[in-house]
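A.B. asks: Quick one: sequence and predicted model below, then my questions.
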Amino acid sequence: MDGYCRCGCGGKTKIATCSDGLTKRGEYRKYIQGHSSRGRTVDDRFDSKVRQQPNGCHIWVASKDACGYGNFSTGTRWVRAHRFSYERAYGLVPSSLYVLHKCDTPACVNPEHLFVGTQADNMQDKIAKGRSSTGGWVLSLETRNKMSVAQLGNKKALGIKKSPELRARMSEAQALRRLKERMV
Ligand SMILES: [Zn+2]
Ligand SMILES: [Zn+2]
């Protein structure tokens, strides 16, 4: 019934002074503030923060970190949303292993787009997708293939700040070699 909190507490709700996802301005709010998660399971709460995309990705629309990975509070602790989703579907993953994306979309929590890998897989995955170990975007593989080693040695262009130029050039050449080997 309009005007009463849907959690079943019997309390009356206020009229919304601005629209949000649940209520339009001028209508009664559906819940008293803080009551919308009462009585809901962890699964319900998780699923309410996900939007399915035509391309198959299930995008996390709640709290995200700087790299775009979703964060989810189970009620007792904060976890990575994609990891929670994977473990919910396939079972617990040892903390020494990483849950990685096949679709290269950090906000995606579709278990079918995720796989488990080691630290080494994680690093290789990031290099292959053109991301630095810090998660910041660097240059795409396509761009890097077009550049000469000398150009690649320009650490500024690569977003590498601390390593010496020579080291940057060598590790880039090595990474490219590894990538070419994998693509054969
Ligand atoms: Zn209530
Ligand atoms: Zn996806």
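C.D. replies: Received, thanks. Ligands and ions are numbered 1, 2, ... in the order given.

A.B. asks: What are the boundaries of the helices in the protein?
C.D. replies: 42-47, 81-90, 119-128, 141-146, 149-152, 155-158, 165-183 (DSSP state H).

A.B. asks: averaging pLDDT over each of the ones you listed, which comes out lowest?
C.D. replies: Of all these, the minimum mean pLDDT falls on helix 155-158 (a mean of 45).

A.B. asks: ok, the nearest residue to A175 once chain neighbours are set aside to ligand 1 distance?
C.D. replies: Spatial nearest neighbour of A175, excluding adjacent residues (Cβ to Cβ, 6 or more residues apart in numbering): I127 at 5.1 Å. Where C-beta positions appear, they are placed from N, C-alpha and C, glycine not excepted. Relative to ligand 1, I127 is positioned 50 Å away (criterion: Cβ to the ion, to the nearest Å).

A.B. asks: what's the neighbour count on I127?
C.D. replies: 20 (other Cβ atoms under 10 Å).

A.B. asks: That one contacts R177, doesn't it?
C.D. replies: No - applying Cβ atoms under 8 Å as the test, I127 and R177 come out as separate, 11.3 Å apart.

A.B. asks: Show me which residues of this protein sit near ligand 1.
C.D. replies: 5, 7, 9, 11, 32, 35 (Cβ under 5 Å from the ion).

A.B. asks: Let me see the contact set for D2.
C.D. replies: 27-28 (Cβ atoms under 8 Å, 6 or more residues apart in numbering).

A.B. asks: for the closest residue to S85 other than its chain neighbours, what are its contacts?
C.D. replies: Take S85 and drop its neighbours on the chain: the residue closest to it by Cβ to Cβ, 6+ apart is V109, 3.9 Å away. The contact partners of V109, by Cβ under 8 Å, 6+ apart, come to 50, 58-60, 70, 81-82, 84-85.
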